[in-house]
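1. Would you be able to build a 3D model of this:
(one chain, ligands or ions: 1)
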Amino acid sequence: MKIGEIHMPQAVYKLSQQTIYQMKHYYQSSLTTTPQGAIFRAKTPEAVITAYKSGKVLFQGAAPEKESKKWANTNEVVAPKAASRSQRTPHAFVPPTTLYTSNHMGTDEAGTGDYFGPITVAGVYLTQDQIHYLKTIGVTDSKTITDTKIRELAKKITAMNIPYSLMVLRNEKYNQLQKKGWSQGKMKAVLHQHAINKLQEKIQGQQIEGIIIDQFCEPPIYQRHIRSEQLSLLPHTYFLTKAESYSTAVAAGSIIARASFLKEMDALSKSTGMTLPKGASKIVDETIAQIIHKYGWDFLNKCGKTHFANTKKANTYL
Ligand code: MG
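-> Got it, this is the predicted structure:
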C-alpha cells in the first residue's frame, strides 16, 4: 500500500513485515546505524532506506525510486494515481535472456494433474559453472525424460551439494485446503513461494541474479494468491511458461520435484498394496473403486485428490 509520495527525492510506502524482513536481508551489506523506532537503515548509491516498526518504509536520496520500485511493486497500490501505478506489466515479468546463463534460482512442480499422490514443488539454485555441467549430464525438461532417468539425475543433482528446497503437499492436507476453498492455483503459488523463501535463506550471501518461476498462472494472480498468505515476491522474480526449456535451474527443479513425486507414489502404492497409476485416466477410476472396496471411502483422503472428477466416475465400477 502506497501511502504517499512527496515530490521526488523521497517516497514513503507501507510494506508488510515479510517484505521488510526480506529487504533487511537484501541490503545486509549496506546497513548503517539503525535510528530509534526503526528496524533497519541501509544506504545504497541511489537511496537511504529506513524501515520502521510501523511498516512504513522511507526511501530518500538521489534516486529513491530505483530502490523503492524493487519492493513497492510487489505490494498493492491502494488508490493509485494514473501515473504512479507501479504494478509491473506482464512484460516486466519476462526474464532477461542473460539470466539463463547467470547464477539464478528456478522453481517447478509435479503431481498437479495426477489424481493419486501429492503436489511437490522444488527450487534449485545454480551457479554459472553448475548450469554448464548439468546441461552436459542431460538435465532438461523432466517431461521428456523417463522416470528411471529422472531418479538417476535427481540423485546426481543432490549428490553435488547443489542448494535446493522441496515442498511436499500430501493428499490429506491438499484435500483439507481444497475444502477450505483454496484453488489448486493458490496451493501451487504458495508452495512455490515457500520453496523460494526457504532456498533464499539457504543461499544467503551468495550472488544471485534472479528467480525464475515456471509460470502456471498470470503473475498478478500469483501475487494475489501469495499476498493472501502474507507472502510477497522477492526482487528480480520472473515468470515464464515452459521455463524448463530455457533455465537449467527450473529443469533441475522439475527433476527434483518429479523424483520426489515418484518416491511418494512408491510409498503410497506400498501402503495400499496396489500400484497406483499416475495421471487421471480411466485406469485411475478403476483403481479408486478397488481402494473403496478394500479400505472404504475415508482411505481415499490419504492418497487421492478427491475433488477430481475421477472420484465420481469411480462410482460406475462399484
Ligand atoms: Mg511446470
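
2. what's near enough to touch A314?
-> D285, E286, I288, A289, I292 (Cβ atoms under 8 Å, 6 or more residues apart in numbering). Quick note: C-beta positions are derived from backbone N, CA and C, even for glycine.

3. Pull the number of nearby residues for the third one.
-> A count of nearby residues for I288, using other Cβ atoms under 10 Å, gives 27.

4. try the one 10 residues further on
-> D298 has 8 neighbouring residues, counting by other Cβ under 10 Å.

5. Run through the residues that contact the residue in the chain positioned nearest to the ion.
-> Proximity to the ion, evaluated over the chain using Cβ to the ion, is greatest for D214 at 3.7 Å. Contacts for D214 were tallied using Cβ under 8 Å, 6+ apart; they are G106, T107, D108, E109, L240, T241, K242, A243, E244, V250, G253, S254.

6. out of these, which are buried?
-> Taking 16 or more other Cβ atoms under 10 Å as the criterion, what is buried in the contacts of D214 is G106, T107, D108, E109, L240, A243, E244, V250, G253, S254.

7. out of the residues you listed, who's near the ion?
-> D108 (Cβ under 5 Å from the ion).

8. Pipe the buried ones among the contacts of D214 into a markdown table and attach secondary structure and pLDDT per row.
-> As requested, the buried ones among the contacts of D214 are arranged in a markdown table below (DSSP: H, G, I helix; E, B strand; the rest coil; pLDDT from 0 to 100):
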| residue | secondary structure | pLDDT |
| --- | --- | --- |
| G106 | strand | 98 |
| T107 | strand | 98 |
| D108 | strand | 97 |
| E109 | strand | 97 |
| L240 | strand | 95 |
| A243 | helix | 95 |
| E244 | helix | 94 |
| V250 | helix | 98 |
| G253 | helix | 98 |
| S254 | helix | 96 |
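
9. Could you say which helix or strand holds the residue nearest in space to the middle of the chain?
-> Centroid-nearest residue in the chain, with Cα atoms, centre = their mean: H192, separated by 1.8 Å. Applying DSSP states H and E as the criterion places H192 in helix 184-202.

10. who does that helix touch, helix- and strand-wise?
-> Identification of packing neighbours for helix 184-202 by 3 or more Cβ pairs under 8 Å, 6 or more residues apart in numbering; DSSP states H and E yields strand 104-110, strand 119-126, strand 164-169, helix 171-179, strand 211-214, helix 219-227.

11. And the ion, is it touching that?
-> No. Helix 184-202 does not reach the ion (Cβ under 5 Å from the ion); its nearest approach is 9.0 Å.

12. quick revisit: looking at the helices and strands packed on helix 184-202, which is nearest to K69?
-> helix 219-227 (14.9 Å; Cβ to Cβ).

13. Tell me which other helices or strands that closest one touches.
-> By 3+ Cβ pairs under 8 Å, 6+ apart, helix 219-227 packs against helix 184-202.

14. let's go with 10 Å and repeat that
-> Applying 3 or more Cβ pairs under 10 Å, 6 or more residues apart in numbering; DSSP states H and E, one finds that helix 219-227 contacts helix 184-202, strand 237-240.

15. and of the ones you listed, who's closest to K69?
-> Between the helices and strands packed on helix 219-227, strand 237-240 lies closest to K69; by Cβ to Cβ that is 13.5 Å.

16. Is it correct that I145 is in contact with L262?
-> No. Using Cβ atoms under 10 Å, I145 is not in contact with L262, being 11.7 Å away.

17. any shared contact partners between the two?
-> R151 (Cβ atoms under 10 Å, 6 or more residues apart in numbering).

18. ok so, going back, what's the spacing between the nearest residue to the residue nearest to the centre of the chain once chain neighbours are set aside and T275?
-> Nearest residue to H192 in three dimensions, chain neighbours excluded: T107, at 5.0 Å (Cβ to Cβ, 6 or more residues apart in numbering). Going from T107 to T275 by Cβ to Cβ, to the nearest Å gives 29 Å.

19. same thing with A267?
-> 12 Å.

20. do the same with A38
-> From A38 to T275 the distance is 59 Å (Cβ to Cβ).

21. So if I had to pick from those two, which one is more boxed in?
-> More crowded of A38 and T275, by other Cβ under 10 Å: A38, with 16 against 13.

22. could you point out where the stretch 1-150 of the chain is predicted with low confidence?
-> 1-9, 73-91 (pLDDT under 70).

23. What residues does it have near the ion?
-> Checking the stretch 1-150 of the chain against the ion by Cβ under 5 Å from the ion, the hits are D108.
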